[in-house]
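K.L.:
Here is a sequence together with a model predicted from it:
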Amino acid sequence: KVENPKYLKKSIEKLKKLQKQQSRKTKGGRNWIKNRIKIARLHEKIANQRMDFINKLSTRIIREYDIICIEDLKVENMLKNHNLAQSISDVSWSKFTTQLEYKAEWYGKVIKKVDTFYASSQTCHCCGYKNEGTKDLKVREWTCPKCHSNHDRDINASINILMQGILVN
């Protein structure tokens, strides 16, 4: 598991303050231009932090593992959900997978993509039971009613994606 650094969320208050100041200034004036540059610099800083994190993480993953299995997510469709959009954009999932793919080619590693509709977090990796009740993203842990093993949703999904990636592809 890798914790999301949430660079935008950490800087959002400062960004709001600068944008509020911007709206109060005369458009095209000297102070308006100075403030616009401050806002642009803050956006650039957030983008640079994000890219640095993505580069370091993707390089670490590529160097440590020979085969990487990832879920082929439809990020564009996920961004339509206004509850998740900011968090997904803040972590740049699409850019991360692009980085992984090009670095895998560079280092001679293999990336395998698992189908979008494979229920990785809802299937017990021990017995194969498909739990229909864990679709809600708030449920982070669940117990398999068949084999009674307790699962962390993310770790269970990663094990299932790895097994599916190795078996299918």
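P.N.:
Looks like it came in fine. Numbers count the residues shown, from 1 in each chain.
K.L.:
can you pull the contacts of the spatially most central residue of the chain?
P.N.:
In the chain, the residue lying closest to the centroid (Cα atoms, centre = their mean) is W93, at 4.2 Å. Neighbouring residues of W93 by Cβ atoms under 8 Å, 6 or more residues apart in numbering: 73, 75. C-betas here are computed from N, CA, C, even on glycine.
K.L.:
What values do phi and psi take at it?
P.N.:
Reported as degrees, to the nearest 10, the phi and psi values for W93 are phi -60, psi -40.
K.L.:
Equivalent analysis for W142, please.
P.N.:
Dihedral angles of W142 (phi, psi; degrees, to the nearest 10) stand at phi -150, psi 160.
K.L.:
now K112, what's its secondary structure?
P.N.:
Assigned with DSSP: H, G, I helix; E, B strand; the rest coil, K112 falls in the strand class.
K.L.:
distance of it from K6?
P.N.:
Per Cβ to Cβ, to the nearest Å, K112 is found 29 Å from K6.
K.L.:
and if you look at R60?
P.N.:
Relative to K6, R60 is positioned 19 Å away (Cβ to Cβ).
K.L.:
cool, and E101?
P.N.:
Separation of E101 from K6 (Cβ to Cβ) stands at 24 Å.
K.L.:
residue ranges of the helices in the chain, please?
P.N.:
Ranges of helices in the chain, per DSSP state H, are 7-24, 30-64, 75-78, 85-91, 93-107, 153-168.
K.L.:
Okay, now the unreliable bits of the chain?
P.N.:
133-135, 169 (pLDDT under 70).
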